[in-house]
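**Student:** next comes the sequence, and after it the predicted model I'd like to discuss.
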Amino acid sequence: MNSNQKKGKGLGLCSGGLDSMLAGLVLKQQGLSVEWITFETPFFSAEKARNASRITGIPLMVQDITEPYLKMLKSPNCGYGKYMNPCLDCHALMFHMAGEVMQAKGFDFLFSGEVMGQRPMSQTRPSLRYVEKNSGFDGYIVRPLSAQRLEATIPEKEGLIDREALLNIAGRSRKEQIKLAKAFGITKYPAPAGGCLLTDKGYANRLRDLFAHQKDYADNELHMLRYGRHLRINSEAKIIVGRTQNDNEGLSKFYRSSQDTRIKVKNYPGPLVLIPNGAVKETVLLAASICAGYSKAPADMPVQVRVTSPKGRETVTVLPLPAKTVNQYIIK
């Protein structure tokens, strides 16, 4: 690159993985100005990206995109992966939203750590092209780790980036990335497995159930899908039963006292049970019996259960419901 030529300013999508870190550092090594943006929803967090920013020193912006993401998620153009992961349309949406930030803040191009052929569904040549064309920023997405295997982008053609200094990595092996990490002095980085809940079978099934039975839902309800057993009682009501202390703590965190009903057995150890958005009396009593059935209370004796709803607090007496009877309700 001519030393008198303008050096580009790039905005990268950061997942927080090693490939993201390397893509940013490869560009930074050219003397380019680089920053990252990462997106949050109830399905994935920015935790890994924040850590990558601390390790590399590359500035990071974090943006919540739950509303537009849900709109896409309900009907992705390319459908879903194995469960409810709309990988291609997810990437296209993220590049589109990053592109809007790029324009607003005066960046010259977008970039990512994608490696051609690393993921058999989302990182093939046709998949990368689909994402680029549907992002609305065709020609402005640079993939530094595989750039020499792909068509030259507009910033490369304009001389904002030295194409010869970009790489030609491809395939699923990570030997080249590990070697490059050592050269950059990076010794700690997360495993390549993703952190998206939409790739989890249990979470995906619960989300499908939520979409099928509710038109609207709060972020809290999406977060609650990560915890406990979810039981579909009828078309109007679902209950969530904590399985572990971690489940109980997670459900407590996202419990909304103004909307949800909270159920706990008195005098015996047992799970926290929530009914998101409450329910009619019969369903509350059923939930109380289920709560008792999963507790340490005697199986054949009446048990007192505390019910807290937006209307107030009461104690009801129920017989524990055996787990084998409850199985019919579990969303699997």
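**Tutor:** Looks like it came in fine. Bear in mind the structure is a predicted one, so any value in this text is a computation, not a measurement.
**Student:** kindly state the domain boundaries assigned to this protein.
**Tutor:** As assigned by automatic domain parsing, the chain contains the domains 9-197, 200-329.
**Student:** rebuild these as CSV, extending it with mean pLDDT and mean neighbour count.
**Tutor:** In short, each C-beta sits where N, CA and C put it, glycine included. Rendered in CSV, the data for these read as follows (pLDDT from 0 to 100; neighbours: other CB atoms under 10 Å):
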stretch, mean pLDDT, mean neighbour count
domain 9-197, 95, 18
domain 200-329, 97, 17
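**Student:** quick one, strands of this protein?
**Tutor:** 9-13, 33-40, 60-64, 109-111, 141-142, 229-234, 237-241, 261-265, 273-275, 303-309, 312-318 (DSSP state E).
**Student:** pretty sure Val142 contacts Asp108?
**Tutor:** No - look at Val142 against Asp108 with CB atoms under 8 Å: they stay out of range, at 9.7 Å.
**Student:** all helices for the stretch 1-150 of the chain, in order.
**Tutor:** With DSSP state H, counting those that start in this stretch applied, the stretch 1-150 of the chain shows helices at 18-29, 47-56, 66-74, 87-105, 125-135, listed in chain order.
**Student:** pretty sure Asn168 sits against Ser146.
**Tutor:** Yes - under the contact definition of CB under 8 Å, Asn168 touches Ser146, with a separation of 6.7 Å.
**Student:** contacts for stretch 259-274, please.
**Tutor:** Contact with stretch 259-274 is made by 224, 228, 239-243, 247-248, 251-252, 255, 275-279, 284, 287-288, 290-292, 294-297, 303-310, 315, as judged by CB atoms under 8 Å, 6 or more residues apart in numbering.
**Student:** typo on my end, it should be stretch 60-80
**Tutor:** Counting by CB under 8 Å, 6+ apart, stretch 60-80 makes contact with 14, 35-43, 46, 49-50, 52-53, 84, 86, 88-90, 93-94, 97, 101, 130, 134, 198, 211, 219, 222, all of which sit outside it.
**Student:** ok, now stretch 160-174?
**Tutor:** Taking CB under 8 Å, 6+ apart as the criterion, the residues outside stretch 160-174 that touch it are 1, 5-8, 10, 18, 26-27, 29-30, 32, 108-109, 115-118, 142, 144-149, 152-153, 155-156, 176-177, 180, 192.
**Student:** now the spatially most central residue of the chain. Nearest residue, chain neighbours left out?
**Tutor:** To find the centre residue of the chain, average its C-alpha atoms and take the closest one (CA atoms, centre = their mean): that gives Phe44, at 1.9 Å. With CB to CB, 6 or more residues apart in numbering as the criterion, Phe44 has its nearest non-adjacent residue at 4.8 Å, and that residue is Cys196.
**Student:** circling back: among the helices of the stretch 1-150 of the chain, which comes closest to Ala204?
**Tutor:** Distances from Ala204 to each of the helices of the stretch 1-150 of the chain were compared using CB to CB; the shortest belongs to helix 66-74, at 10.9 Å.
**Student:** could I have the CA atoms of that closest one written out in CSV?
**Tutor:** Output of helix 66-74 as CSV, limited to C-alpha atoms (Å, rounded to 0.1, in the frame of the first residue of the first chain):
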residue,chain,number,x,y,z
THR,A,66,-34.2,-8.3,19.8
GLU,A,67,-37.1,-6.6,18.0
PRO,A,68,-35.8,-6.8,14.4
TYR,A,69,-34.3,-10.2,15.2
LEU,A,70,-37.7,-11.7,16.3
LYS,A,71,-39.3,-10.4,13.1
MET,A,72,-36.7,-12.2,11.0
LEU,A,73,-36.8,-15.3,13.2
LYS,A,74,-40.5,-16.0,12.8
